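# Predicted model and sequence follow; I will ask about them next.
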Amino acid sequence: MAKKKIANIPFGPYIAVLAGATVAGKPNYATLGAYGVVSQQPVLYISLKNTHHTTAGVIENGFFSVNIPAAAAIAKTDYCGIVSGRETDKSGLFEAFYDEAGNAPLIKECPVNYLCKVIRTIPIFDFTMFLGEIVAAYADEDCLDGGQPDALKVSPTVMMAAGYFDLKDRIGSVFKAGRGADAGSGPPQDNP
């Protein structure tokens, strides 16, 4: 199949998350796809526009949460990306809970939650990337498989270009699919 050159912008896919911070004493949330791991250490990053209301809370408190909403919560997830906490109070949109390790709201309705302590900030254009050490993690019991979150049970929302998508099938195991362990013996084969 021929390749076609496209715009030099990141289209994804990204897992949609809700970043949480306490701002002026209230929980506030921002929807973003700019988050992920930075090493094999328990560290996540989020990247927030400098003008976001949530950014002020992360700077003020030194903590943020990463909450992974289920695809069924797409309306509330998208809403948090449409409205600013400066104009709209989002504190009652979800049931917040807290861990004694730090001041950032975690969302009870989200199947997976991480509380992170800021260990480094990196300014990038008109955004700030916050690197955060995971100081607490939570998951709904019914989303666990062998003590770890199962993606199909969590049912995260995938953002790509201008669309949201859900997950449908498991297609392999990490560090096994390429060895043929998931597909039988012989060299790895992709499904046509």
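Happy to help now that I have it.
# Quick one: the strands in the protein, in order.
Along the chain, the stretches classed as strands by DSSP state E are 14-15, 17-23, 26-32, 35-37, 43-49, 63-68, 96-99, 102-107, 112-124, 127-139, 144-145, 148-149, 158-160, 163-165.
# what about dumping the CA coordinates of the second one to PDB?
It refers to strand 17-23. C-alpha atoms of strand 17-23 as PDB (Å, rounded to 0.1, in the frame of the first residue of the first chain):
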ATOM      1  CA  VAL A  17      -7.500  10.800  30.600                       C
ATOM      2  CA  LEU A  18      -8.800  13.200  33.100                       C
ATOM      3  CA  ALA A  19      -6.000  15.100  34.900                       C
ATOM      4  CA  GLY A  20      -7.100  16.300  38.300                       C
ATOM      5  CA  ALA A  21      -5.800  19.100  40.500                       C
ATOM      6  CA  THR A  22      -7.100  21.100  43.500                       C
ATOM      7  CA  VAL A  23      -7.600  24.700  42.400                       C
END
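# May I ask you to confirm that Asp78 is in contact with Ala30?
No. Here Asp78 does not reach Ala30: they are 11.7 Å apart, not a contact under Cβ atoms under 8 Å. C-betas here are computed from N, CA, C, even on glycine.
# what's the spacing between the closest residue to Val38 other than its chain neighbours and Met159?
Leaving aside its chain neighbours, Val38 sits nearest to Tyr45 (5.4 Å; criterion: Cβ to Cβ, 6 or more residues apart in numbering). Tyr45 is 17 Å from Met159, where distance means Cβ to Cβ, to the nearest Å.
# Those two: which has the busier surroundings?
Met159 (22 against 18; other Cβ atoms under 10 Å).
# Can you give me the pLDDT of the more buried one?
pLDDT for Met159: 94.
# That one and Ser91, how far apart?
Taken as Cβ to Cβ, the span from Met159 to Ser91 is 24 Å.
# And Lys76, by the same measure?
Where Ser91 is concerned, Lys76 sits at a distance of 13 Å (Cβ to Cβ).
# Could you do Ala177 as well?
42 Å.
# Ala161 now?
On the measure of Cβ to Cβ, Ala161 and Ser91 end up 31 Å apart.
# So, low pLDDT: which residues of this structure?
181-192 (pLDDT under 70).
# follow-up on the earlier one: kindly reformat the strands of the chain as JSON lines containing distance to Arg86.
As requested, the strands of the chain are exported to JSON lines (distance: least, Cβ to Cβ, whole Å):
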{"stretch": "strand 14-15", "distance to Arg86": "25"}
{"stretch": "strand 17-23", "distance to Arg86": "9"}
{"stretch": "strand 26-32", "distance to Arg86": "9"}
{"stretch": "strand 35-37", "distance to Arg86": "22"}
{"stretch": "strand 43-49", "distance to Arg86": "12"}
{"stretch": "strand 63-68", "distance to Arg86": "18"}
{"stretch": "strand 96-99", "distance to Arg86": "19"}
{"stretch": "strand 102-107", "distance to Arg86": "17"}
{"stretch": "strand 112-124", "distance to Arg86": "21"}
{"stretch": "strand 127-139", "distance to Arg86": "17"}
{"stretch": "strand 144-145", "distance to Arg86": "37"}
{"stretch": "strand 148-149", "distance to Arg86": "33"}
{"stretch": "strand 158-160", "distance to Arg86": "23"}
{"stretch": "strand 163-165", "distance to Arg86": "25"}
